[in-house]
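*Asks:* I would like to see how this sequence folds:
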Amino acid sequence: QVQLVESGGGLVQAGNSLRLACETSGRTFSVYAMGWFRQAPGKEREFVAAISTSGGSTYYADSVKGRFTISRAKNTVYLQMNSLKPEDTAVYSCAATVRPYNIMIIETTKIYDYWGQGTQVTVSS
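*Replies:* Numbers count the residues shown, from 1 in each chain. Next comes the predicted model:
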């Protein structure tokens, strides 16, 4: 089992920054990759970013490239969000996969085995 707890959400004005953290516990040695997803009201959950635990390869959605940065330190994964826009408003959740994955589908929710509860990010215009 792997437990995930997000923190760092809040209310910010457009153009500002936030850093989200996802602290992992449990069988963290079994994690192959970590991802961040978000879900806005009335919309489906969408991929934001992911990072492999070996090698540190990173992947981003086109909508956040150049603005968001995913990183990892020990058992915590971070999502640095800069130049935030109102359309970034959503509940952000982190996820972990404990199985070898195909990078071609790292954006899909089905490869992830564990999920956090989520943290709300609201960007005002």
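
*Asks:* use CA for all of it now, contacts and neighbours both
*Replies:* OK.

*Asks:* For Q39, give the beta-bridge partners.
*Replies:* V91 (DSSP bridges).

*Asks:* Touching, it and C94? I think so.
*Replies:* No - in this structure, Q39 is not within contact of C94 by C-alpha atoms under 8 Å, at 11.5 Å.

*Asks:* out of those two, which sits in the busier spot?
*Replies:* C94 (30 against 19; other C-alpha atoms under 10 Å).

*Asks:* quick check: mean pLDDT across the helix or strand where the more buried one lies?
*Replies:* Per DSSP states H and E, C94 falls inside strand 90-97. Summarised as a single mean, pLDDT over strand 90-97 is 98.

*Asks:* Can you spell out which helices and strands pack onto it?
*Replies:* strand 2-7, strand 33-39, strand 114-115, strand 119-124 (3 or more C-alpha pairs under 8 Å, 6 or more residues apart in numbering; DSSP states H and E).

*Asks:* Lovely, talk soon.
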